[in-house]
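1. Starting from these lines, generate the structure:
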Amino acid sequence: MDKEERKGFNKEFWVFLWSSILIALSACLGNVVDSIIVGNLIGEDGVSAINLSKPVTQFMFTVSMLLSTGAGMLVGMELGKKDYGRASYIYTLSTIGCLVFGLLQTAAGFLFTDDITGWLCSHEELYGATRDYLFPLMIGAPTYMMSWALGTMVGVDGSPKLVSIAILIDNAVNLGCDIIFIQWFGWGIEGSSTATVVGHIVGIAIMCWHFRYPSHHLRLETRSQGDKETGSLGEGKAWATLKSMVSQGAPLALASISLTALLFCANSIVLNTMGRVGIFAFSVCMNILYIYNLFLSGTCRTVQSLGAIQVGKGDDEKFRLVISKSFRFITMAMLITCVFIWAAPETITKFFGAQDDALVAEGVRALRIFALSFIPFCYIYTIMVVYKLYGHHHIALFISLALSLTVIPVLWIMSHVAPDYLWYSYLIAYAIEAALIVMIHKLSHARFELKVKQ
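-> Residues are numbered from 1 along each chain as shown. Have a look, this model is predicted:
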């Protein structure tokens, strides 16, 4: 790669990265801003209620991983090969799948909100607020699904800046509607999740403008090129394509499933072990995780999209460059975030509406521990994406399952053996997982060398 080519590729990398980070703002601000506004306008219990509802949002995100993130990697590869018909076919199946699942969630919201709330919240004082937040979230599920799906596809199709603009406006609308619905309309915590849905609707409308550009490659295509030539509707090909999408997105989706299970179990363990004070401190820490996730999601989207395109082209040098630049960036981003949290934990806790001294003190203690715990989490998650693109599917699958599931038994043990040190559970679990990954990598490398010698 000559100097000019490297310069052009560096520019392309940073465009993808910053656009992907702004896309991640949808999840970051949509949750953090909701919690801050709710904490100050409604109270600390409102922040806890939002955190107790997060397993539902995470579950929807998991399905999005399967149907849109996996599809986005396949679309990137097909665009790299200039097979635009195949890319459009994958895009169409992904979009239909996300929309159908969103509508099923809407139906579940009308029929089973009370039951779902009961599973999520065992605390009588927090039940009402949790249900009020959860109902609009489930009714508006199609907007969550389509926002994430379109953000992935439009970015891969060459308009990451448009996605960035859409996400920024999405969050501006969310912020404005939060204040209007809660403060002016008096809708309480229900207004917070309603505002997020309204913001997503606006963001989706803006992203759809991409398909008016004559240069776009993705179109709604219900049949592949081969099906058009034969006149077949291609049901078998559709199932095969869906299986490929799910296979590509499986490690990330399994990581998300594990995280859903972790959120549910952790909320229950913390609530039963430390009560109202503990669940508020944990809720603040989970909101701070979104700041780490802002950079993590942006980095992983860049590796998935730009990296997949280089894999499709067969350009291994540029693919390795994407990986090295991504790891350098996320290292700096995590260190800066960690220093910021350590410098002002009390201010951050009060920013979420904490007034009681016990709540503030527990929030400070938890934040300082979690600020360190999230660093290995970000590294492990990024490594999982790299393994997947390199074709090491079994290792990627192991990481996706272990990423969160290792925390659950450690949390449970700590809650019974050393409840005063419960917040260290995440750090201990990620250290265990990192050691296991190193061991598995060395064993896989040793087996490969043995096969080569034979």
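2. Mind checking the pLDDT average for stretch 172-191?
-> Averaging pLDDT along stretch 172-191 yields 88.
3. Just give me how far it sits from the chain centre.
-> Relative to its parent chain, stretch 172-191 has a centroid offset of 24 Å by CA atoms, centre = their mean, to the nearest Å.
4. Could you pull up the residues touching residue 195?
-> 34, 173-178, 180-181 (CB atoms under 8 Å, 6 or more residues apart in numbering). To be clear about C-beta, it is placed using only N, CA and C from the backbone, and glycine gets the same treatment.
5. Which parts of the helix or strand encompassing it count as buried, going by neighbours?
-> Assigned by DSSP states H and E, residue 195 falls within helix 189-207. For helix 189-207, burial by neighbour count (16 or more other CB atoms under 10 Å) applies to 189-200, 202-204, 206-207.
6. Kindly report the same for stretch 327-340.
-> Across stretch 327-340, burial judged by 16+ other CB under 10 Å covers 327, 329-330, 333-334, 337-338.
7. Tell me the one of these nearest residue 130?
-> Closest approach to residue 130 among these (CB to CB): residue 337, at 28.5 Å.
8. So that closest one sits against residue 293, correct?
-> No. Between residue 337 and residue 293 there is no contact under CB atoms under 8 Å: 10.5 Å.
9. Need the CA coordinates for stretch 154-162. CSV is fine.
-> Extracted C-alpha coordinates of stretch 154-162, given in CSV (Å, rounded to 0.1, in the frame of the first residue of the first chain):
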residue,chain,number,x,y,z
VAL,A,154,-27.4,2.5,5.3
GLY,A,155,-23.9,2.8,6.8
VAL,A,156,-22.6,-0.2,4.9
ASP,A,157,-24.3,1.1,1.7
GLY,A,158,-22.1,4.2,1.8
SER,A,159,-24.0,6.8,3.8
PRO,A,160,-22.5,6.6,7.3
LYS,A,161,-22.8,10.4,7.6
LEU,A,162,-26.5,10.4,7.0
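10. centre of the chain versus that stretch, how much separation?
-> Distance of stretch 154-162 from the chain centroid (CA atoms, centre = their mean) equals 18 Å.
11. what's the answer for stretch 409-426, then?
-> Relative to its chain's centre, stretch 409-426 lies at 26 Å (CA atoms, centre = their mean).
12. What are the buried residues along it?
-> So, applying 16+ other CB under 10 Å, buried residues of stretch 409-426: 410-412, 414-415, 422-426.
13. quick one: low-confidence ranges for the protein?
-> Low-confidence segments of the chain (pLDDT under 70): 1-2, 5, 19, 22-31, 213-216, 220-239, 242-243, 245-255, 312, 445-454.
14. Quick check, residue 88 in contact with residue 157.
-> No. At 9.6 Å, residue 88 does not count as touching residue 157 under the criterion of CB under 8 Å.
15. overlap in contacts of those two?
-> Contact criterion CB under 8 Å, 6+ apart; residues shared by residue 88 and residue 157: 217-218.
16. quick one: which helix or strand includes residue 441?
-> Secondary structure (DSSP H and E) places residue 441 in helix 425-453.
17. Tally up the residues packed near the nearest residue to residue 310 once chain neighbours are set aside, please.
-> In space, and not counting its chain neighbours, residue 310 is closest to residue 319: 4.1 Å by CB to CB, 6 or more residues apart in numbering. Residue 319: 20 surrounding residues under other CB atoms under 10 Å.
18. What strand or helix carries residue 319?
-> With DSSP H and E as the criterion, the answer for residue 319 is helix 316-343.
19. Now do the one helix or strand residue 397 maps to: which elements does it pack against?
-> Residue 397 is located in helix 393-405, with elements delineated by DSSP H and E. In terms of contacts (3 or more CB pairs under 8 Å, 6 or more residues apart in numbering; DSSP states H and E), helix 393-405 is packed against helix 235-313, helix 357-389, helix 425-453.
20. Put together JSON lines for those, with distance to residue 40 on each row.
-> As requested, those are exported to JSON lines (distance: least, CB to CB, whole Å):
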{"stretch": "helix 235-313", "distance to residue 40": "13"}
{"stretch": "helix 357-389", "distance to residue 40": "14"}
{"stretch": "helix 425-453", "distance to residue 40": "27"}
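21. what's the neighbour count on residue 395?
-> A total of 21 residues lie near residue 395 under the criterion other CB under 10 Å.
22. Find the residue closest to it in space, skipping its chain neighbours.
-> residue 387 (4.8 Å).
23. Could you do residue 127 as well?
-> In space, residue 127 is closest to residue 121, 5.1 Å off (CB to CB, 6+ apart).
24. Could you report the distance from the one you found to residue 364?
-> 25 Å (CB to CB, to the nearest Å).
25. Kindly report the same for residue 421.
-> Taking CB to CB, one finds residue 421 at 16 Å from residue 364.
26. who's in contact with the closest residue to residue 422 other than its chain neighbours?
-> The spatial neighbour of residue 422 that comes closest, neighbours along the chain excluded (CB to CB, 6+ apart), is residue 414 at 5.1 Å. Residue 414 sits next to 421-422, 424-425, 428 when contact means CB under 8 Å, 6+ apart.
27. which one of those is nearest residue 303?
-> residue 428 (27.6 Å).
28. Is residue 270 in contact with residue 422, as I believe?
-> Yes. Residue 270 lies in contact with residue 422 (CB under 8 Å); the separation is 7.1 Å.
29. ok, residue 343 - how many residues close by?
-> 9.
30. go on, residue 438?
-> Using other CB under 10 Å: residue 438 sits among 10 other residues.
31. Tell me the spacing between it and residue 12.
-> 33 Å.
32. Can you add distance to residue 82 and give the buried residues of stretch 327-340 back as a markdown table?
-> Listed next are these as a markdown table, based on distance: CB to CB, whole Å:
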| residue | distance to residue 82 |
| --- | --- |
| 327 | 30 |
| 329 | 29 |
| 330 | 31 |
| 333 | 34 |
| 334 | 37 |
| 337 | 39 |
| 338 | 43 |
